[in-house]
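> Here is a sequence with its predicted model. Questions after.
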Amino acid sequence: DAKTTQPPSMDCAEGRAANLPCNHSTISGNEYVYWYRQIHSQGPQYIIHGLKNNETNEMASLIITEDRKSSTLILPHATLRDTAVYYCIVRANTGANSKLTFGKGITLSVRP
Amino acid sequence: ETGVTQSPTHLIKTRGQQVTLRCSSQSGHNTVSWYQQALGQGPQFIFQYYREEENGRGNFPPRFSGLQFPNYSSELNVNALELDDSALYLCASSLDRGSGGYTFGSGTRLTVV
């Protein structure tokens, strides 16, 4: 079972920031928070991951709460091409338990 | 560098038949994982291969089997196909059992009739 909970869907206007929440209250100390997204009919695409510090890359920012029980993925300027299912996943970084356990994700719809 | 490639892209099989799906991992990656994604669901982990040996398995019956070759490419075999096996099958490769994350292919869409 997935160790994360996400709302089923959300939408935002093109050009605005999209803030995607995720709860992971049972996260272990050695588990990272990963975000992937899946555009229709394609394989999941890695976005970003973090352990406890906030992270930023060219795609997005990841904000992890101090107690690590929740996080938010931020797409600063959403475009129509960001419409996808976004998966929040917690996993250990290496070893036999490093598989990705996907939930149902959150469907982000970016409207013109 | 090349990404993960899967073949075929689409396949139709009859119930009871056997199928083999193929995956070429990203250059430099030695780990391959397979996932099954039913319509409207997230991908479900089938198994992972690391340096030609199975290194973790999800809740799938033994008729789901796999291989990893010395060049780290991989096959997924499914025997005695059932209608519920209809799904998108995704292959993902990584370095050293997931260190640094996974790169996914675009999948094989299997339809069992």
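Looks like it arrived, so ask away.

> Make sure A:Pro44 is actually in contact with A:Arg37.
Yes: taking Cβ atoms under 8 Å as the definition, A:Pro44 is a contact partner of A:Arg37 at 6.9 Å. The way it works is simple: take the backbone N, C-alpha and C, and place the C-beta from them, glycine included.

> Show me whatever sits in contact with both of these two.
A:Tyr87 (Cβ atoms under 8 Å, 6 or more residues apart in numbering or on different chains).

> helices and strands around whatever helix or strand A:Tyr86 lives in, which ones?
Secondary structure from DSSP states H and E places A:Tyr86 in strand A:84-92. In terms of contacts (3 or more Cβ pairs under 8 Å, 6 or more residues apart in numbering or on different chains; DSSP states H and E), strand A:84-92 is packed against strand A:18-23, strand A:31-38, strand A:70-75, strand A:106-111.

> right, and those strands - which one's nearest chain B?
Closest to chain B of the helices and strands packed on strand A:84-92 is strand A:31-38 (Cβ to the nearest Cβ; 7.0 Å).

> Go ahead and name everything in contact with that closest one.
Against strand A:31-38 from outside (Cβ under 8 Å, 6+ apart): A:3, A:20, A:22, A:24, A:27, A:44-51, A:60, A:62, A:64, A:68, A:71, A:73, A:82, A:84-93, A:100, A:102, A:105, B:101.

> Let's see the PyMOL selection covering just the buried ones among the residues you listed.
Paste this into PyMOL to select the buried members of those, with burial taken from 16 or more other Cβ atoms under 10 Å in any protein chain shown:
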select buried, (chain A and resi 3+20+22+24+27+44+46+47+48+49+50+60+62+64+68+71+73+82+84+85+86+87+88+89+90+91+93+100+102+105) or (chain B and resi 101)
